[in-house]
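Participant: The following comprises the amino acid sequence and a computationally predicted model.
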Amino acid sequence: SRGRYGPDYKDKLLPGRLFTSNSFYISRKNFEKAGQFDTNFRGWGGEDIDFGLRLENLGIPIKNVPNAITYHHHKRTIASLVEDFYSFGENSFAYLINKHPAFLKQIPAHFLGMSNSNARANLPYRLMSAFIINGITLKAAEKITSLFHNFNLPDSIFDFIFWGNLALGYKNRRKNP
């Protein structure tokens with residue numbers, strides 16, 4: 001889970017949606033049982049979540065090992081991650097949720113204009129998302145976050161920026177199939 005959720009899952013199994021493949025270990029038997037990585041995902045994003053969800057569905061445990069030291073260095077900027085999340089929304093997110101419809105119950109689907117429960121309960125979120133999930137608001141949040149990159153900012157700010165750009169990419173794909 002890139003360490004972000006480590007304290008929340010100390011001595012617990014990680015849900016498949018948090019699996020990342022940047023530094024992991026799995027037996028060959030379990031790798032083959034899970035079906036390896038799906039090469040139908042286009043561009044950045046989705047294949048890790050898909051693989052993690054399949055591991056979880058097969059009952060293959062996913063654990064965070066905080067004292068394991070690995071190095072997987074990327075010189076990334078917020079802008080490059082924003083581009084990746086937008087691309088994921090535009091190119092592969094629909095494929096992921098078609099493969100794993102239950103995944104919508106685990107994410108802020110209301111930001112994507114999708115219902116993950118009853119429509120009345122989602123109405124306030126959908127109205128709110130129409131105002132805050134737009135290119136201008138997300139670009140402003142990205143700029144402000146970039147200015148304060150040396151500070152320990154809350155994860156919720158990054159969630160808003162990244163999931164918001166995924167939502168924009170997904171909505172753009174739906175408008176222009």
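Facilitator: That came through fine.

Participant: any idea which helix or strand comes after the lowest-mean-pLDDT helix or strand in the chain?
Facilitator: Every helix and strand of the chain was ranked by mean pLDDT, DSSP states H and E. The lowest is helix 119-132, at a mean of 59. Per DSSP states H and E, the first helix or strand lying C-terminal to helix 119-132 is helix 135-147.

Participant: Show me what that following helix is packed against.
Facilitator: Packing contacts for helix 135-147, counted by 3 or more Cβ pairs under 8 Å, 6 or more residues apart in numbering; DSSP states H and E, involve helix 78-91, helix 155-175. Heads up, the C-betas are built off the backbone N, CA and C, glycines and all.

Participant: in it, what counts as buried?
Facilitator: 138, 141-142, 145 (16 or more other Cβ atoms under 10 Å).

Participant: tell me how far that helix is from the chain's mean position?
Facilitator: Averaging C-alpha positions (Cα atoms, centre = their mean, to the nearest Å) puts helix 135-147 19 Å from its chain's average.

Participant: low pLDDT regions in this protein?
Facilitator: When the per-residue scores of the chain are filtered using pLDDT under 70, the ranges that remain are 1-7, 108-132, 149-151, 153-155, 174-177.

Participant: quick revisit: could the helices and strands packed on helix 135-147 be laid out in a markdown table, adding distance to residue 27 and mean neighbour count?
Facilitator: Formatted as a markdown table, the helices and strands packed on helix 135-147 follow (distance: least, Cβ to Cβ, whole Å; neighbours: other Cβ atoms under 10 Å):
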| stretch | distance to residue 27 | mean neighbour count |
| --- | --- | --- |
| helix 78-91 | 29 | 19 |
| helix 155-175 | 32 | 18 |
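
Participant: Could you dump these into a markdown table with distance to residue 39 added?
Facilitator: Shown next, in a markdown table, are the helices and strands packed on helix 135-147 (distance: least, Cβ to Cβ, whole Å):
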| stretch | distance to residue 39 |
| --- | --- |
| helix 78-91 | 14 |
| helix 155-175 | 20 |
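
Participant: Can you tell me which of these is nearest to residue 11?
Facilitator: Ranking the helices and strands packed on helix 135-147 by their distance to residue 11 (criterion: Cβ to Cβ) puts helix 155-175 first, at 21.2 Å.

Participant: other SSEs contacting the closest one?
Facilitator: Helices and strands in packing contact with helix 155-175 are listed as helix 78-91, helix 93-99, helix 119-132, helix 135-147; criterion 3+ Cβ pairs under 8 Å, 6+ apart.
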